[in-house]
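> Next come a sequence and a model predicted from it.
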Amino acid sequence: MAKYGMNEEVISAFFDKSYEPCMSKSGSVFIDFTPTGKPVLLSYGWHFPMAFYADRENGLPVLLLNGDRYSVTTSTHQGMVLNRTFGESNKVTVSMNAVYRAIDWTRGGVGNSRRWSDYEYKVDIDKIVVLDFWKEEHSDTEIEDATAVFYQTLHKADGTTERAPYRWHRAGFTLFKVRERDHLFIAGMDGQSYFVSAIDVHRYTPRTVKEALEALKPDVVKEAEKSGKKVMRQGEWFFVRDDGLTERDEKVMYESLERNFVLPRELTGNPHTATRGRVFHDLIVVSGSIRHPEHRMLRLSKATQRTGKIWLAYKNTAVASWSETGVD
């Protein structure tokens, strides 16, 4: 294997498409190849691919970067990769840890963390085929399909204030399939964490990222949006305002709810916890705020309200989901 002097030289060789097996003198950054000859930029080994060009069903390959965290040194390598790819138009960051576990799930694995062999890592990268992607965008002007909008308070000449948007953000997403399998996955970032979700292909066959994100919404949530009801979301949970209750009924309902209610979850997943909540027959009722270790707190009711508003909680339609740290 050819050796270069510095880590930056190996990284530059990869993006300059000088594809040959090579390694920095420290041995920490190197280029190696999958069984089909796809070059992959690695940090210390096949357990941590930093970058590779994934095949695309129609169009040019898409650059996938690994957003996982492993060590201080690997984070330094990732910073070098980000600097080198600044301005790339066909770039998406994903959690390769979540992607590997999703692919393992397609062949009957449980999808939990385990140690793969180098050969398994290589083969799995070859199986990824991108159908569509959104690159990550930040803008001071409105972005279509923005996944986050930041607001500021404007002070008007008449002494009043107005809350107005000032910055738009759209997270990067990729819709991909696994060769020789019928499964479809949407991968991206939600809040502060990366995720991969398996689409229910028996009900939906999305061909774009927008269609895939829409497919994750339960029908009841789509109907609520169409009818103008307020809908909020944290992770895989959607919350629909129940505006059919009188103020008295809402107060009675609120008082009957359990404190620190944990929404139903996988055994290995992190909990979404509501200030108050309860399961009534087949409905999950919540109020107050929703907390989760990997997401910002979602406030359903104002802190000044003595009685919280009542919301109905609905989980997304994903068949299975994974975060960078485990099963969601």
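Arrived safely, thanks for sending.
> switch to C-alpha atoms for all contacts and neighbour counts from now on
Fine.
> In this structure, where is pLDDT below threshold?
Applying pLDDT under 70 to the chain picks out residues 110-116, 145, 147-148, 169-170, 267-269, 302-307, 325-328.
> Break it into its domains for me.
Structural domains assigned to the chain are 2-136+171-214, 138-168, 217-318, following automatic domain parsing.
> mind listing what's buried in the second one?
For domain 138-168, burial by neighbour count (16 or more other C-alpha atoms under 10 Å) applies to 143, 167-168.
> Doesn't Ser197 belong to a strand?
Yes: assessed with DSSP: H, G, I helix; E, B strand; the rest coil, Ser197 lies in a strand.
> contacting residues around it?
Residues near Ser197 by C-alpha atoms under 8 Å, 6 or more residues apart in numbering: 185-187, 318-322.
> That one bridge partners, please.
Counting by DSSP bridges, Ser197 forms beta bridges with Ile186, Ser321.
> ok, longest helix in this structure?
If you go by DSSP state H, the chain has its longest helix at helix 72-84.
> Sheet partners, orientation included, of the next helix or strand after that helix?
Where DSSP states H and E defines the elements, the next helix or strand beyond helix 72-84 is strand 91-94. If you go by DSSP bridges, strand 91-94 pairs up with strand 62-66 (parallel).
> any residues touching the strand it pairs with, and which ones?
By C-alpha under 8 Å, 6+ apart, strand 62-66 touches 48-56, 90-96, 130.
> likewise stretch 171-181?
Residues outside stretch 171-181 that contact it (C-alpha under 8 Å, 6+ apart): 92-94, 103, 106, 127-137, 146-147, 183-190, 207-209, 212.
> that older thread, ok, so of the buried residues of domain 138-168, who is nearest Lys230?
Trp168 (20.5 Å; C-alpha to C-alpha).
> mind listing what the residue of the chain positioned farthest from its centre touches?
Distance from the centre of the chain peaks at Asp158, with 42.7 Å (C-alpha atoms, centre = their mean). Asp158 makes no contacts at all, as judged by C-alpha under 8 Å, 6+ apart.
> which phi and psi does it have?
The phi/psi pair for Asp158 (degrees, to the nearest 10) reads phi -80, psi 10.
> Can you give me the neighbour number for Asp16?
Per other C-alpha atoms under 10 Å, the neighbour tally for Asp16 reads 9.
> ugh, typo on my part, it should be Val252
12.
> Buried residues, the helix or strand where it lies. List them.
Counting by DSSP H and E, the element that carries Val252 is helix 247-256. The neighbour-count check on helix 247-256 (16+ other C-alpha under 10 Å) flags 250-251, 253-254 as buried.
> hang on, Ile199 packs against Arg207?
No: here Ile199 does not reach Arg207: they are 11.3 Å apart, not a contact under C-alpha atoms under 8 Å.
> Which one's more surrounded, these two?
Ile199 (24 against 13).
> Which parts of the stretch 51-200 of the chain are strands?
For the stretch 51-200 of the chain, applying DSSP state E, counting those that start in this stretch gives strands covering 62-66, 91-94, 128-134, 137-139, 148-155, 161-170, 173-178, 184-190, 193-198.
> Save these as a markdown table, and put in distance to Ile310 too.
Below are these laid out as a markdown table (distance: least, C-alpha to C-alpha, whole Å):
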| stretch | distance to Ile310 |
| --- | --- |
| strand 62-66 | 40 |
| strand 91-94 | 35 |
| strand 128-134 | 35 |
| strand 137-139 | 34 |
| strand 148-155 | 24 |
| strand 161-170 | 25 |
| strand 173-178 | 32 |
| strand 184-190 | 25 |
| strand 193-198 | 28 |
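> Out of the ones you listed, which gets nearest to Asp282?
strand 193-198 (23.9 Å).
> Quick one: the helices in the protein, in order.
Under DSSP H, the chain gives helices at 7-15, 72-84, 96-106, 118-127, 209-215, 219-226, 247-256.
> Single out the most deeply packed of those helices.
Compared across those, helix 96-106 shows the largest average neighbour count, a mean of 23 (mean count of other C-alpha atoms under 10 Å).
> just checking, what packs against that one?
With contacts defined as 3 or more C-alpha pairs under 8 Å, 6 or more residues apart in numbering; DSSP states H and E, helix 96-106 has these neighbours: helix 118-127, strand 193-198, strand 320-323.
> With distance to Asp243 added, can I get the ones you listed in JSON lines?
Below are the helices and strands packed on helix 96-106 laid out as JSON lines (distance: least, C-alpha to C-alpha, whole Å):
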{"stretch": "helix 118-127", "distance to Asp243": "47"}
{"stretch": "strand 193-198", "distance to Asp243": "31"}
{"stretch": "strand 320-323", "distance to Asp243": "31"}
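> Looking at the ones you listed, which is nearest to Pro39?
That would be, of the helices and strands packed on helix 96-106 and by C-alpha to C-alpha, helix 118-127, which comes in at 10.0 Å.
> got a list of contacts for that closest one?
In contact with helix 118-127 (C-alpha under 8 Å, 6+ apart) are residues 33-36, 38, 46-47, 54, 100, 103, 178-179.
> Tell me what angle that helix forms with strand 173-178.
Counting by axes from the mean of the first three to the mean of the last three C-alpha atoms, to 10 degrees, helix 118-127 lies at 110 degrees to strand 173-178.
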